[in-house]
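A.B. asks: structure of the sequence below:
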Amino acid sequence: MVEQRENIRVLVAKPGLDGHDRGAKVVARALRDAGMEVVYTGIRQTPQMIVEAAVQEDVDVVGLSILSGAHMELVPPILDLMKKQGMEDTIVLLGGIIPEEDRPQLKEMGVSGVFGPGTSTEDIEKFIRQAVKEKRQHARE
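C.D. replies: As a prediction, this is how the structure comes out:
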């Protein structure tokens with residue numbers, strides 16, 4: 001019997017004013033090629049726009065790409081809005097230029113994974129598959 005692969009829905013977003021989106025597009029394409037449903041919101045998204053799209057698309061994962069250094073200003077309002085929408089179980093990932101010293105605080109806030117430059121798309125895919133699998137197992141319990 002072949003194991004049925006459950007669909008994983010991922011939203012990839014570029015919050016803030018950073019206009020460099022090559023990495024986000026590479027990750028979005030790699031996840032799509034790996035069989036995930038991917039919604040890419042484009043650049044210069046507000047926290048409200050990102051959370052509205054995540055709600056509308058009913059995603060399992062929100063991936064934020066931030067290269068501007070504004071992650072400590074942009075991530076908290078996104079997480080707050082997600083909480084207000086009842087999306088606490090949605091996996092939030094962060095990619096870009098994120099200093100090591102900020103990573104523990106981001107994880108405390110609710111970011112599940114932080115991926116810096118040079119992270120392979122295979123590692124991101126594996127992380128997402130494992131995190132979604134665990135989330136779905138907890139939902140069934």
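A.B. asks: quick one, what contacts the residue nearest in space to the middle of the chain?
C.D. replies: Against the mean C-alpha coordinate of the chain, by C-alpha atoms, centre = their mean, the closest residue is G63 at 1.7 Å. By C-beta atoms under 8 Å, 6 or more residues apart in numbering, G63 lies in contact with 10-13, 24, 27, 92-95. Placement of C-beta: from N, CA and C, glycine included.
A.B. asks: over to V38?
C.D. replies: 9-12, 28-29, 31-32.
A.B. asks: same check on D60?
C.D. replies: Here D60 is in contact with 8-10, 90-91, 132, 135 (C-beta under 8 Å, 6+ apart).
A.B. asks: which one of the residues you listed is nearest to G118?
C.D. replies: Nearest to G118 among the contacts of D60 is V10, at 20.4 Å by C-beta to C-beta.
A.B. asks: assign a three-state SS to V12, would you?
C.D. replies: Classification of V12 using DSSP: H, G, I helix; E, B strand; the rest coil returns strand.
A.B. asks: nearest residue to K135 in space, please, no chain neighbours.
C.D. replies: With C-beta to C-beta, 6 or more residues apart in numbering as the criterion, K135 has its nearest non-adjacent residue at 5.9 Å, and that residue is D89.
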